[in-house]
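K.L.:
Below are the sequence and a predicted model; questions follow.
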Amino acid sequence: FKMSASYLEIYNEELKDLLGGVRTGKSLISDKVSIKMEGALLNSPMTSSRSKKLAGALSPLDTPVQLSIKKSKEGHTYVEGLTEININTEDPKQGLKELEALMKMAGKARSVARTDIHSRSSRSHSVFKVNLIGFNSKSGEVMNGSLNLCDLAGSERLQRTGTASNAKLLKETKAINKSLSNLGLVFNALANKQKHIPYRNSKLTYLLQDCLSGEGKSLMFVNLSPTVESGNESLCSLRFAQQVGQVLFGKIKKNTDNNNRRMQKHRTG
């Protein structure tokens with residue numbers, strides 16, 4: 001099987017590629033990570049110290065690629081222009097190190113800021129995606145799937161965070177709260193089995209449409225503050241979790257492809 005990974009954030013309703021650049025580095029050892037960007041496949045040399053040297057091999061582009069959410073012929077959502085990095089599957093330990101290094105590097109590129117209640121407050125939602133393609137040499141069947149790890153920025157109250165007096169932080173707060181509200185509308189529509197699900201109301205819900213449309217499994221963790229001062233926020237979070245818990249997805253679908261031409265393309269691509 002093959003594995004690849006991508007990492008983006010949604011900041012003020014704009015998509016930002018957290019792995020969005022390739023800078024050729026020094027050739028240190030033979031093993032390499034393949035970086036797919038703008039239709040080209042580039043090789044960026046790596047060192048045994050993945051978390052440090054990967055950041056040195058990759059850096060943001062001076063002119064970021066414009067990202068946009070598209071629909072494939074099969075009806076699945078994807079992000080056009082997003083960097084996708086191939087992960088080593090022949091050596092599992094090496095592959096895990098590569099994934100860890102990518103997550104650390106992308107984490108440093110996240111949009112964060114200091115507020116009255118957080119020293120490092122996330123100002124965006126992020127989605128780390130791992131794509132898997134499996135091959136059955138006997139049947140010729142190709143199976144594909146993905147794991148999306150979504151980190152949602154928490155909803156904010158202006159009085160507590162002190163963001164009302166800062167125009168930049170205020171804009172970020174409004175964008176965060178609006179996207180979370182739209183996510184709540186999607187869950188409410190799913191729970192009530194409405195015909196129209198408002199996925200396109202925000203970049204977040206549109207991007208996660210495949211995850212929330214019944215073709216896979218979804219799991220949500222809700223982080224609560226133990227402080228009394230955060231009681232109202234914790235209560236809102238629990239109510240949101242209760243709303244999510246009422247959603248029942250349909251039967252899980254297995255994404256397969258028996259087309260031998262496509263199988264050969266995946267093997268040689």
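P.N.:
Perfect, thanks for sending it.
K.L.:
Find the least confident helix or strand in this protein, judged by mean pLDDT.
P.N.:
Ranked by mean pLDDT, DSSP states H and E, the weakest helix or strand in the chain is strand 40-45, scoring a mean of 36.
K.L.:
How is the residue of the chain most remote from its centre assigned, secondary-structure-wise?
P.N.:
Note on the chain: the largest C-alpha distance from the chain mean falls to residue 138, namely 33.4 Å (Cα atoms, centre = their mean). Following DSSP: H, G, I helix; E, B strand; the rest coil, the label given to residue 138 is coil.
K.L.:
And it, how close does it get to residue 168?
P.N.:
Using Cβ to Cβ, to the nearest Å, residue 138 is found at 57 Å from residue 168. Bear in mind the C-beta positions are built from the backbone N, C-alpha and C, glycine included.
K.L.:
ok, residue 7 - contacts?
P.N.:
17-19, 102-103, 106, 126-129 (Cβ atoms under 8 Å, 6 or more residues apart in numbering).
K.L.:
Could you dump these into JSON lines with neighbour count and secondary structure added?
P.N.:
Formatted as JSON lines, the contacts of residue 7 follow (neighbours: other Cβ atoms under 10 Å; DSSP: H, G, I helix; E, B strand; the rest coil):
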{"residue": "17", "neighbour count": "23", "secondary structure": "strand"}
{"residue": "18", "neighbour count": "25", "secondary structure": "coil"}
{"residue": "19", "neighbour count": "23", "secondary structure": "coil"}
{"residue": "102", "neighbour count": "26", "secondary structure": "helix"}
{"residue": "103", "neighbour count": "15", "secondary structure": "helix"}
{"residue": "106", "neighbour count": "23", "secondary structure": "helix"}
{"residue": "126", "neighbour count": "22", "secondary structure": "strand"}
{"residue": "127", "neighbour count": "22", "secondary structure": "strand"}
{"residue": "128", "neighbour count": "21", "secondary structure": "strand"}
{"residue": "129", "neighbour count": "20", "secondary structure": "strand"}
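K.L.:
Let me have these in a markdown table, extended by distance to residue 254 and pLDDT.
P.N.:
A markdown table is the format used below for the contacts of residue 7 (distance: Cβ to Cβ, whole Å; pLDDT from 0 to 100):
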| residue | distance to residue 254 | pLDDT |
| --- | --- | --- |
| 17 | 30 | 94 |
| 18 | 30 | 92 |
| 19 | 29 | 90 |
| 102 | 27 | 90 |
| 103 | 28 | 90 |
| 106 | 30 | 89 |
| 126 | 28 | 94 |
| 127 | 23 | 95 |
| 128 | 23 | 95 |
| 129 | 19 | 95 |
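K.L.:
Determine which two of those are furthest apart.
P.N.:
Greatest spacing in these, by Cβ to Cβ: 17 and 103 (14.5 Å).
K.L.:
element containing residue 131?
P.N.:
In this assignment (DSSP states H and E), residue 131 forms part of strand 125-135.
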